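A.B. asks: Give me coordinates for this.
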Amino acid sequence: MKERAVHTSNGSIDRDRLEALYEKYNRREFVHPDPLEFLYDYPDPSDREIVGLVASSLAYGGVKQILGSIRTVLERIPEPSKFIRDSSRDEISKAFAGFRHRFTTGEELGSMLYGAGRVIRRYGSLEKCVVEGFIDLDETILPGICRLVDEISSESGCSFSHLLPHPSRMSACKRLNLYMRWMVRQDDIDPGGWYTVSPFRLVVPVDVHMFRICRGLGITERRQASLRTAVEITDFFRRVSPGDPVKYDFALTRLGIRDELDASVFIDECIASSGEAMPEPGVSADCSG
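C.D. replies: Numbering: from 1, shown residues only. Down below sits the predicted model:
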């Protein structure tokens, strides 16, 4: 039988409260406005993995601008997988001529998608590229993300330090981990489509909301949302939900997004009793596997 409460440095978290939050807010009606909503329009996983790559890559800045930019990109590629796979570099560049999302240019986005198309032609899908990046001993998907970033960069002849941050640089890689969550998990929120990657390997996408909540709950005491922070948070949630450590991500981040929810109230209610701090886990972004 699983212990009901899981210890943090601030006390312990009642699993039932996490489950209640998940049951109440892990629903489609709470998605908008979120880049994830674009994936629902693409039943074919080969299209969805391209749409997810676009949506996650551009998920920075104001939400209104994010949604508008993603919509603009998708309007220019009505058949995402076919277009990216079969088009030349010039054709892709023309499709995104004049596009700009904050400091991401159409040229940069087009180069990334050209590289992704070349990867698909080589591997069959972006999913297969990710899978070939890790071995059975790897606990997380990070080596697979390394492989994907390396291959897209190599095929395009460009480096995408912002659009596709490399885990070896130890940033939290929030948007890439968000992309992995969308494609690997499958429930009322996450549409899935990648069936050869276990949700167990996923790393929590640590945005500003998740970081503040996890610090408040005592899950982490780190001062920056680095890759080590993301892995530490993931290790905690793997104790709560061993096969699906990213299960509560969407519901918890609603606490920082929705006006009717107060994260501080949830944190106060969630801490059940005093307990010992968790030992600090190790982290590896080794991309050699």
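A.B. asks: And stretch 255-262, what's buried?
C.D. replies: For stretch 255-262, burial by neighbour count (16 or more other CB atoms under 10 Å) applies to L255. C-beta here means a position set from N, CA and C on the backbone, and glycine is covered the same way.
A.B. asks: Contacts for it next, please.
C.D. replies: L21, Y25, F30, V208, H209, M210, R212, I213, R254, A263, F266 (CB atoms under 8 Å, 6 or more residues apart in numbering).
A.B. asks: which one of these is nearest L137?
C.D. replies: M210 (27.3 Å; CB to CB).
A.B. asks: who's in contact with the closest one?
C.D. replies: Going by CB under 8 Å, 6+ apart, M210 touches V204, I233, D249, L252, T253, G256.
A.B. asks: From those residues, which one has the minimum pLDDT?
C.D. replies: Lowest pLDDT within these is found at G256 (77).
A.B. asks: list the helices and strands the worst-scoring helix or strand of the chain on mean pLDDT packs on?
C.D. replies: Least confident element among the helices and strands of the chain, by mean pLDDT, DSSP states H and E: strand 11-14 (a mean of 72). Strand 11-14 sits against strand 5-8, with contacts defined as 3 or more CB pairs under 8 Å, 6 or more residues apart in numbering; DSSP states H and E.
A.B. asks: Give me the residue at the spatial middle of this protein.
C.D. replies: Closest to where the C-alpha atoms of the chain average out (CA atoms, centre = their mean) is L178, at 1.0 Å.
A.B. asks: what about the nearest residue to that one once chain neighbours are set aside, is that helix, strand or coil?
C.D. replies: Distances taken as CB to CB, 6 or more residues apart in numbering put P205 closest to L178, at 4.0 Å, once the chain neighbours are dropped. What DSSP: H, G, I helix; E, B strand; the rest coil gives for P205 is coil.
A.B. asks: so what's P205 up against?
C.D. replies: In this structure, P205 makes contact with A172, K174, R175, N177, L178, R181, A230, V246, D249, judged by CB under 8 Å, 6+ apart.
A.B. asks: with these in mind, which one is nearest to R17?
C.D. replies: Ranked by distance to R17 (CB to CB), the contacts of P205 are led by D249 at 15.6 Å.
A.B. asks: re the thing from before, compare the contacts of stretch 255-262 and tell me which is most surrounded.
C.D. replies: M210 (24 neighbours; other CB atoms under 10 Å).
A.B. asks: I'd like the distance between it and E155.
C.D. replies: 32 Å (CB to CB, to the nearest Å).
A.B. asks: again, but for T104
C.D. replies: T104 sits 19 Å away from E155, going by CB to CB.
A.B. asks: need the contacts of P205 in JSON lines with secondary structure and distance to S81, can you?
C.D. replies: As requested, the contacts of P205 are exported to JSON lines (DSSP: H, G, I helix; E, B strand; the rest coil; distance: CB to CB, whole Å):
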{"residue": "A172", "secondary structure": "coil", "distance to S81": "28"}
{"residue": "K174", "secondary structure": "helix", "distance to S81": "25"}
{"residue": "R175", "secondary structure": "helix", "distance to S81": "20"}
{"residue": "N177", "secondary structure": "helix", "distance to S81": "22"}
{"residue": "L178", "secondary structure": "helix", "distance to S81": "20"}
{"residue": "R181", "secondary structure": "helix", "distance to S81": "20"}
{"residue": "A230", "secondary structure": "helix", "distance to S81": "29"}
{"residue": "V246", "secondary structure": "coil", "distance to S81": "25"}
{"residue": "D249", "secondary structure": "helix", "distance to S81": "26"}
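A.B. asks: Perfect, that will be all.
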